[in-house]
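**Q** Sequence plus the predicted model coming up.
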Amino acid sequence: MKAVWYEGFGPAQDVLEAGEMTRPEPGPGEVLVRVRATGINPSDVKLRGGARPGAVMAYPKVIPHSDGAGEVEATGEGAEAWLGKRVWISNAGWQRAHGTAAEYVALPQGLVAELPEGTGFEEGACLGIPALTAWYATRGLREGQKVLVTGGAGAVGRYACQMARLCGAEVVTTVSSAEKGAHAGAEWINYRTEDVAARVMEMTGGVDRIVDVDFAANQRTALEVIRPGGTIAGYASASVMSPELDWYGFMFKNVRLHMLIVYQLSAEERAEGQTQLNAWLKAGQLSHAVVDGGGLSDMAAAHERVERGDKLGTVVCRV
Ligand SMILES: NC(=O)c1ccc[n+]([C@@H]2O[C@H](COP(=O)([O-])OP(=O)(O)OC[C@H]3O[C@@H](n4cnc5c(N)ncnc54)[C@H](OP(=O)(O)O)[C@@H]3O)[C@@H](O)[C@H]2O)c1
């Protein structure tokens, strides 16, 4: 099969190789997916770049990417019901050597969900990290609650704005330009030019939840706008990875800090997320932002695009 892989950390152009590899076989409880689209997330490029603290190559050869979509072409014992189904994939690259940047991937059946009719493979390749993270960060929101989504033009943030609204919540988001505000599709505040805390208070009177893309950068604002008993669902803190925490500030507001990572969803949580996303997909309630990354041979450029961050949506390569 055709695949892209790396054998050491480094810049995309230096370490990503494309060529032929042996096609995997599905083991018991596994499905073999003919991948049609592979999604590239910041996490995939950070892993390939060796940016994770204490990073060591866990496998001699790594096929990158957690997300993708395709068709099940073969099954192992106990997974026969999946044969022939169109599926979307999550966690293929998490603590595994074989991700989705290949014509085939074999993986446990719990990591695939049926791709509803009407949702294409490219859209399906946006669901594993961006949409599932947004679902987890907005999970349990109720009618009438108020939510601040920081970075609503981001891959996760844009889904989070939609999902918070689907739960019945009122949403405000932060972006860095009018173009990004339009892309986010929610009431927006320019976080580079406006006083975010003052504007959020003016627009909402305080929020029940913050879905946060940069905990370190937004901590002071969060403390000001979160209501007592509110939740901060933080999924990244890229500007400062180990920020000082205003522990008493949050304690006196009885705030729940949920530092979440989509890779660590339990099997039950993953199944719940897959079911909810598929219900929204079947009802045509999710809008996707796919950025065309080309084919497998364009992978280094596609990785660089994710690194630069100058894209609106998820970079997806056809396979
Ligand atoms: N924990 C998890 O499970 C999980 C899951 C998915 C992603 N992540 C991480 O989350 C981050 C974003 O991922 P993504 O795929 O959504 O990336 P993305 O599509 O590149 O979007 C990032 C967005 O964040 C915005 N942003 C950055 N700093 C901000 C700030 N201080 N306030 C408001 N907005 C800000 C950017 O806006 P501007 O460019 O306009 O500033 C951009 O729109 C990455 O670090 C990724 O590794 C974590």
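**A** Structure's in. What do you need?
**Q** how many neighbours does whatever residue of the chain ends up closest to the ligand have?
**A** When scored by Cβ to the nearest ligand atom, the chain has Gly154 as its residue closest to the ligand, at 2.5 Å. (Each C-beta comes from the backbone N, C-alpha and C, glycine too.) Counted by other Cβ atoms under 10 Å, the residues lying close to Gly154 total 29.
**Q** what does the one 3 residues further on give?
**A** Neighbour count for Gly157, taken as other Cβ under 10 Å: 28.
**Q** Tell me which other helices or strands whichever helix or strand it is part of touches.
**A** Secondary structure from DSSP states H and E places Gly157 in helix 155-166. Contact here means 3 or more Cβ pairs under 8 Å, 6 or more residues apart in numbering; DSSP states H and E; on that basis helix 155-166 packs against helix 132-138, strand 146-150, strand 170-175, helix 178-184, strand 207-212.
**Q** and the fourth one, C-alpha only, in CSV?
**A** These are the backbone C-alpha positions of helix 178-184, laid out as CSV (Å, rounded to 0.1, in the frame of the first residue of the first chain):
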residue,chain,number,x,y,z
ALA,A,178,-13.8,40.1,11.0
GLU,A,179,-13.0,37.4,8.5
LYS,A,180,-12.5,34.9,11.3
GLY,A,181,-15.6,36.2,13.1
ALA,A,182,-17.6,35.4,10.0
HIS,A,183,-16.0,31.9,9.8
ALA,A,184,-16.8,31.2,13.5
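**Q** ok, back up a step: residues contacting the helix holding Gly157, please?
**A** Counting contacts by Cβ atoms under 8 Å, 6 or more residues apart in numbering, the residues outside helix 155-166 that touch it are 41, 126, 129-131, 133-135, 137-138, 141, 147, 149-152, 171, 173, 183-186, 209, 211, 213, 235, 280, 285-287, 289, 313-314.
**Q** which residues touch stretch 282-290?
**A** Residues lying outside stretch 282-290 but in contact with it, judged by Cβ under 8 Å, 6+ apart, are 116, 118, 122-123, 125-126, 131, 155, 158-159, 162, 166, 183, 185, 277, 280, 312-314, 316.
**Q** Quick check: mean pLDDT of that stretch?
**A** Model confidence over stretch 282-290 averages 98 on the pLDDT scale.
**Q** hmm, it in reach of the ligand?
**A** No: using Cβ under 6 Å from any ligand atom, we find that stretch 282-290 stays clear of the ligand, coming within 8.6 Å at best.
**Q** Return the residues in contact with Gly124.
**A** Contact partners of Gly124, counting by Cβ under 8 Å, 6+ apart, are Ala37, Gly68, Ala69, Arg86, Val87, Trp88, Leu115.
**Q** Make TSV out of those residues and add pLDDT.
**A** Below are the contacts of Gly124 laid out as TSV (pLDDT from 0 to 100):
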residue	pLDDT
Ala37	98
Gly68	98
Ala69	99
Arg86	98
Val87	99
Trp88	99
Leu115	98
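**Q** Which ones among those map onto helices?
**A** Mapping the contacts of Gly124 onto helices (DSSP state H) picks out no residues; all lie outside.
**Q** need these in a markdown table with neighbour count, can you?
**A** Listed next are those as a markdown table, based on neighbours: other Cβ atoms under 10 Å:
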| residue | neighbour count |
| --- | --- |
| Ala37 | 24 |
| Gly68 | 32 |
| Ala69 | 30 |
| Arg86 | 19 |
| Val87 | 22 |
| Trp88 | 31 |
| Leu115 | 24 |
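**Q** Next step: these restricted to strands.
**A** Cross-referencing those with the strands (criterion: DSSP state E) gives Ala37, Gly68, Ala69, Arg86, Val87, Trp88 as the overlap.
**Q** okay, the residues you listed in TSV with distance to Pro108 next?
**A** Supplementary listing: the ones in strands among the contacts of Gly124 in TSV, determined by distance: Cβ to Cβ, whole Å:
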residue	distance to Pro108
Ala37	20
Gly68	14
Ala69	17
Arg86	18
Val87	12
Trp88	14
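**Q** ok, Ile204 - how many residues close by?
**A** You called it Ile, but residue 204 is Thr. Neighbour count of Thr204, defined by other Cβ under 10 Å: 18.
**Q** Oops, could you answer that again for Asp208 instead?
**A** 19.
**Q** Nearest spatial neighbour of it, chain-adjacent residues omitted?
**A** Excluding its sequence neighbours, the residue lying closest to Asp208 (Cβ to Cβ, 6 or more residues apart in numbering) is Gln145, at 4.2 Å.
**Q** what's that neighbour sitting at in phi/psi?
**A** As for Gln145, its main-chain torsions (degrees, to the nearest 10) stand at phi -70, psi 160.
**Q** quick one on the thing from earlier: any chance of a markdown table for the helices and strands packed on helix 155-166, columns distance to the ligand and mean pLDDT?
**A** Formatted as a markdown table, these follow (distance: least, Cβ to the nearest ligand atom, whole Å; pLDDT from 0 to 100):
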| stretch | distance to the ligand | mean pLDDT |
| --- | --- | --- |
| helix 132-138 | 4 | 98 |
| strand 146-150 | 4 | 99 |
| strand 170-175 | 4 | 98 |
| helix 178-184 | 5 | 98 |
| strand 207-212 | 8 | 99 |
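**Q** Sounds good, over and out.
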